[in-house]
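Enquirer: Quick one, structure for this:
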Amino acid sequence: MNPTQSSVQALPKSVEQTASSVLGDYYELTKPGITQMVALTTLTGYYVAIPVSFVDYAGNSSNWIHFFLTMIGTIAISAGSCVFNHIAERKEDAMMKRTATRPLPSGSVSVSQAALFGSMLTAIGAAMLWNVNIVTFLLAVITWIVYVVVYTPLKKRSTLSLLIGGIPGALPFAGGWTAVRGTPDVEAWSFFAILFFWQLPHFLALSWMYRHDYREGGFVMHAISDRTGRSVALQSVMYSLLTLATFMVPFLLGLAGMVYVLGAFGLGLWLCVESIQFLRRRQHRSARRLLLTSYAALMGVLVLLIIDKV
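Expert: Okay, the predicted model is just below:
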């Protein structure tokens, strides 16, 4: 094989690698972890809201169209808000070790490219949810506004951002329910409450783990001003107890049975135990255990809601 043949054969691989890198950058702009949580909670809320058996519901092709409009629309508008969060925090991200290599601070994606991408995702998501129903559309719009316009700038001004940030994170769970039922009833708000309170010990643990990074980025958080971590840990315990309480509500509303309530109680209790361990030790390791436990507890509750739907 001569050098010319070698270079010609190598070109497609180089192009493929470049394309893969670009796609990876744009994918990262959507904050995959958040987007996946939005997808899972919306799916769960939607499924539990179905008033008939899944087999009967799935037998109607128009229901599948409605389902995909709900899922893709919610994911798209959520991802769009994440892109704009990246744009707003690009300077802060550049100051923090764990975020300095993100697409915008690293320069692999320009601000104008990200803005176009985020606008397209937002518009596509909004258009799809408009065709689901007005309530779900409005919940998604509120989610976008609170996350981008309120929560993002508030993170550099007040510790209230912890509570405000829980709102856009929790609304998609309620949106899954309203997509089917069309009304923001008590069941929808019970799902909202689960995600709202669950996020608080989850993020408190995360903020303690990366408090030095957040300080470098200029963010205002409890973990930065709390040198011993006692206040952060106490809040984690309190919010974990509230999360445990919200886990019980679907059973009380008749949305799930004994399998759910026993499993959800155990998961909520596990979250509380890890919060207490974090309070006792206030170390990176105990905060990480609390963070990982929060993930497991939420996933377990979502699975239990699906398999034990009444």
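Enquirer: Output the lowest mean pLDDT helix or strand found in the protein.
Expert: Across the helices and strands of the chain, mean confidence by mean pLDDT, DSSP states H and E is lowest for helix 3-29: a mean of 64.
Enquirer: need the next SSE after it, C-terminal direction.
Expert: Once the chain leaves helix 3-29, the next helix or strand it forms, by DSSP states H and E, is helix 32-49.
Enquirer: Send over that next one as PDB, restricted to the C-alpha atoms.
Expert: Provided in PDB are the C-alpha atoms of helix 32-49 (Å, rounded to 0.1, in the frame of the first residue of the first chain):
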ATOM      1  CA  PRO A  32     -27.900  14.400  29.700                       C
ATOM      2  CA  GLY A  33     -28.300  13.600  33.400                       C
ATOM      3  CA  ILE A  34     -31.100  16.200  33.800                       C
ATOM      4  CA  THR A  35     -32.700  15.300  30.500                       C
ATOM      5  CA  GLN A  36     -32.800  11.600  31.400                       C
ATOM      6  CA  MET A  37     -34.400  12.300  34.700                       C
ATOM      7  CA  VAL A  38     -37.000  14.500  32.900                       C
ATOM      8  CA  ALA A  39     -37.700  11.600  30.500                       C
ATOM      9  CA  LEU A  40     -38.100   9.000  33.200                       C
ATOM     10  CA  THR A  41     -40.300  11.100  35.500                       C
ATOM     11  CA  THR A  42     -42.500  12.200  32.500                       C
ATOM     12  CA  LEU A  43     -42.800   8.600  31.400                       C
ATOM     13  CA  THR A  44     -43.800   7.500  34.900                       C
ATOM     14  CA  GLY A  45     -46.300  10.300  35.300                       C
ATOM     15  CA  TYR A  46     -47.900   9.500  31.900                       C
ATOM     16  CA  TYR A  47     -48.100   5.800  32.500                       C
ATOM     17  CA  VAL A  48     -49.700   6.100  36.000                       C
ATOM     18  CA  ALA A  49     -52.200   8.600  34.600                       C
END
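Enquirer: can you give me how far the next helix or strand after that helix is from the chain middle?
Expert: From helix 32-49 onward toward the C-terminus, using DSSP H and E, the following helix or strand is helix 54-58. Its chain's C-alpha centre and that of helix 54-58 lie 28 Å apart, by CA atoms, centre = their mean, to the nearest Å.
Enquirer: Dump helix 54-58 to CSV, restricted to CA.
Expert: The C-alpha trace of helix 54-58 is given here as CSV (Å, rounded to 0.1, in the frame of the first residue of the first chain):
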residue,chain,number,x,y,z
PHE,A,54,-52.0,-0.4,29.1
VAL,A,55,-53.1,-3.0,26.6
ASP,A,56,-56.3,-1.2,25.9
TYR,A,57,-54.6,2.2,25.7
ALA,A,58,-51.8,0.9,23.4
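Enquirer: Mind pulling up the pLDDT for residue 218?
Expert: pLDDT for residue 218: 89.
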